[in-house]
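# following is a predicted model, sequence given first.
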Amino acid sequence: MEVARPRLPWWTLLPRWVKLVASPLVLVGLVVWLVVQFGRLAWRYPLTLAVAVLTGWVQAAFGWWVLAFTLLAVVLVLGLWWRLHSGSFARTVGVQVRTELRRLSVYACQWRTVMRLADLVKRDRGREYRPRLGLVRSDGWRDRVRVRMVSGQAPEQWEAHASGLAHAFRARSCRVRVRKPGCLELDLVHRDPLAQPFAVPGLPETSDGLDLRRVTVGRTETGRPWRLRLLGRHLLAVGATGAGKGSLLWSIVWALAPLIRTGRAQLVGIDPKGGMELGQAPEVFHRAVFDNGPDAVAALEAIAATVKERAARYRGMLRSWSPATGDPFLVLVVDELADVLAYQPDRQLRERANRAVQTITSQGRAPGVCVIGLVQDPRKEIVSFRHLFPTRVAMRLDEPAQVDMVLGDGVRDQGAAAHEISEHTPGVAWAKEDGQREPFRARAFHVTDADLDTLSTFVAGRLVRRAQVLPFPEANGGDFWAGGAAA
Ligand SMILES: Nc1ncnc2c1ncn2[C@@H]1O[C@H](COP(=O)(O)OP(=O)(O)OP(=O)(O)O)[C@@H](O)[C@H]1O
């Protein structure tokens with residue numbers, strides 16, 4: 001016969017006179033609450049609210065006909081704007097309309113259910129604490145959703161649920177970023193803005209405006225230029241075969257071309273694969289070695305000696321290299337670093353190469369020497385001094401563990417899924433610079449064989465034509481390979 005006793009709110013038990021005295025205060029509080037709620041609504045849906053208020057006002061003040069003509073005029077003006085300046089239209093009206101629509105129809109509608117089903121709410125003494133949905137911004141290819149976490153929650157919990165959240169909101173992936181203590185930003189990605197290759201820009205005639213701290217090598221997924229810092233940095237790019245490491249390398253060389261032509265930058269290249277990569281434009285190199293033998297080691301030792309010589313010369317006068325020193329900016333490019341540092345069968349050569357590369361990477365930044373190392377296998381046994389490369393680029397990788405090896409622990413949890421880069425998008429990479437909190441996704445320019453000829457011609461000052469289109473060979477009576485070998 002036991003029944004639950006109804007629990008009355010505490011204030012109903014107060015004496016009548018207290019309620020009377022408190023009622024004006026409660027009324028003021030209620031009005032303030034309503035104003036705050038309205039302000040929030042206006043902040044989140046400014047366009048919807050402005051259209052609704054204006055429509056109501058025009059109809060009430062001037063009647064239906066005026067309203068119809070006004071709406072027609074507005075639609076016409078917007079249509080004209082869209083046709084004449086689609087870019088500015090998309091950046092202003094398009095983004096705002098999409099943002100408000102998606103906030104209302106996707107996030108506001110499903111937030112409570114998704115949070116509950118994804119186990120991101122907390123319950124305490126019968127009360128439910130739910131993460132708060134903040135500002136939403138829809139960029140077309142992704143939605144950025146701000147979230148205020150429940151007290152006691154950690155970003156790691158959200159990272160663990162990222163895949164579930166992506167599926168719940170019908171996105172391809174979800175990345176979690178910490179904005180400030182207690183606040184996160186979810187990147188719900190709907191399509192890949194890097195799916196199409198980017199052609200290289202035109203070669204600049206002069207080096208005016210070329211800053212070695214901001215060398216443009218491609219485009220990031222937000223549409224901004226992908227800029228690499230070469231001055232005072234070394235770069236390690238890791239990727240499986242066919243990941244597009246070559247395009248990153250040539251994009252860098254392309255950007256440096258005006259400096260190389262005038263001798264203010266010098267490239268030394270080592271390509272242990274017999275020149276398959278660097279041999280495509282040998283004219284751009286001051287010195288190029290196409291194996292990993294004694295010549296390659298001698299080239300490395302020569303640069304290590306230059307590093308020491310420059311350091312001795314600058315000591316006490318300069319803190320670091322600048323064009324005013326008159327020395328060229330030196331770039332050492334090693335395609336397949338592992339062949340030089342780990343796979344060289346001669347122990348003595350291997351040790352000499354390791355010593356030289358360590359000297360260059362540890363001491364070369366201030367004297368104006370930059371190392372660009374390309375490698376397929378990022379394990380410690382292969383490149384034991386990965387930490388000496390402040391800029392690290394992870395192109396398509398085979399395993400998730402390799403992402404941590406290249407970009408550092410925990411960066412994969414922030415969304416840098418280099419192991420998920422598609423085979424159909426070579427040149428796409430996740431990059432991170434030391435001291436930068438967030439990794440970013442970008443795609444290097446696609447440097448074609450014809451572009452490499454243009455580059456060689458530009459640097460050498462004479463026509464170079466290496467790329468040519470060959471007719472597809474005919475199978476000779478079914479014995480295609482035999483025919484090829486005989487030829
Ligand atoms: N940024 C890019 N955009 C479009 N296509 C690209 C891009 N980079 C490379 N490719 C294409 O992908 C293929 C492989 O590229 P690349 O040879 O540069 O890869 P890699 O990582 O250097 O491979 P490997 O380690 O075997 O030398 C090439 O056919 C190239 O045309």
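Here it is on my side, so go on. Numbers count the residues shown, from 1 in each chain.
# mind checking the pLDDT average for the helix or strand encompassing D451?
Using DSSP states H and E, the secondary-structure element containing D451 is helix 449-460. Averaged across helix 449-460, the pLDDT comes to 92.
# other SSEs contacting that helix?
Counting contacts by 3 or more Cβ pairs under 8 Å, 6 or more residues apart in numbering; DSSP states H and E, helix 449-460 packs against helix 245-261. The way it works is simple: take the backbone N, C-alpha and C, and place the C-beta from them, glycine included.
# just to revisit the earlier point, dump the helix holding D451 to PDB, keeping only the CA atoms.
Presented in PDB, the C-alpha positions along helix 449-460 are these (Å, rounded to 0.1, in the frame of the first residue of the first chain):
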ATOM      1  CA  ASP A 449      56.400  15.600 -66.500                       C
ATOM      2  CA  ALA A 450      55.700  18.600 -68.700                       C
ATOM      3  CA  ASP A 451      55.900  20.800 -65.700                       C
ATOM      4  CA  LEU A 452      59.200  19.300 -64.800                       C
ATOM      5  CA  ASP A 453      60.400  20.200 -68.300                       C
ATOM      6  CA  THR A 454      59.200  23.800 -67.800                       C
ATOM      7  CA  LEU A 455      61.000  23.900 -64.500                       C
ATOM      8  CA  SER A 456      64.300  22.600 -66.000                       C
ATOM      9  CA  THR A 457      64.000  25.000 -68.900                       C
ATOM     10  CA  PHE A 458      63.400  27.900 -66.500                       C
ATOM     11  CA  VAL A 459      66.400  27.000 -64.300                       C
ATOM     12  CA  ALA A 460      68.800  26.000 -67.000                       C
END
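# whether it contacts the ligand - can you check?
No. Helix 449-460 lies out of reach of the ligand by Cβ under 6 Å from any ligand atom, never closer than 8.6 Å.
# OK, contacts around the residue in the stretch 1-150 of the chain that the ligand sits nearest to?
Relative to the ligand, the nearest point of the stretch 1-150 of the chain is W141 (18.0 Å; Cβ to the nearest ligand atom). The contact partners of W141, taken as Cβ atoms under 8 Å, 6 or more residues apart in numbering, are V189, H190, R191, D192, P193, E221.
# the helix ranked longest in the chain: what's the following helix or strand?
Counting residues, the longest helix in the chain under DSSP state H turns out to be helix 16-44. Later in the chain than helix 16-44, the nearest helix or strand by DSSP H and E is helix 46-62.
# which elements pack onto that following helix?
If you count contacts as 3+ Cβ pairs under 8 Å, 6+ apart, helix 46-62 packs onto helix 64-84, helix 95-102.
# could you dump those into CSV with mean neighbour count and mean pLDDT added?
Formatted as CSV, the helices and strands packed on helix 46-62 follow (neighbours: other Cβ atoms under 10 Å; pLDDT from 0 to 100):
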stretch, mean neighbour count, mean pLDDT
helix 64-84, 12, 91
helix 95-102, 17, 91
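# of all those helices, which one comes closest to E156?
With Cβ to Cβ as the measure, helix 95-102 is the member of the helices and strands packed on helix 46-62 nearest E156 (26.8 Å).
# how about the residues of the stretch 251-400 of the chain near the ligand?
Residues of the stretch 251-400 of the chain lying near the ligand by Cβ under 6 Å from any ligand atom: E277, Q376.
# state the mean pLDDT of stretch 155-167.
Per-residue scores along stretch 155-167 average to 91.
# circling back to that earlier point, and which of the contacts of W141 is nearest V459?
Nearest to V459 among these: E221, at 31.0 Å, using Cβ to Cβ.
# the strands in the stretch 301-450 of the chain, which residues?
329-335, 369-375, 391-394, 428-433, 440-444 (DSSP state E, counting those that start in this stretch).
# taking the stretch 351-487 of the chain, what residue is nearest to the ligand?
G427 (2.1 Å).
# follow-up on the earlier one: could the strands of the stretch 301-450 of the chain go into JSON lines alongside mean neighbour count and mean pLDDT?
Below are the strands of the stretch 301-450 of the chain laid out as JSON lines (neighbours: other Cβ under 10 Å; pLDDT from 0 to 100):
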{"stretch": "strand 329-335", "mean neighbour count": "25", "mean pLDDT": "94"}
{"stretch": "strand 369-375", "mean neighbour count": "26", "mean pLDDT": "94"}
{"stretch": "strand 391-394", "mean neighbour count": "26", "mean pLDDT": "94"}
{"stretch": "strand 428-433", "mean neighbour count": "25", "mean pLDDT": "92"}
{"stretch": "strand 440-444", "mean neighbour count": "25", "mean pLDDT": "95"}
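# out of these, which is closest to L133?
Taking Cβ to Cβ, strand 440-444 is the member of the strands of the stretch 301-450 of the chain nearest to L133, at 25.1 Å.
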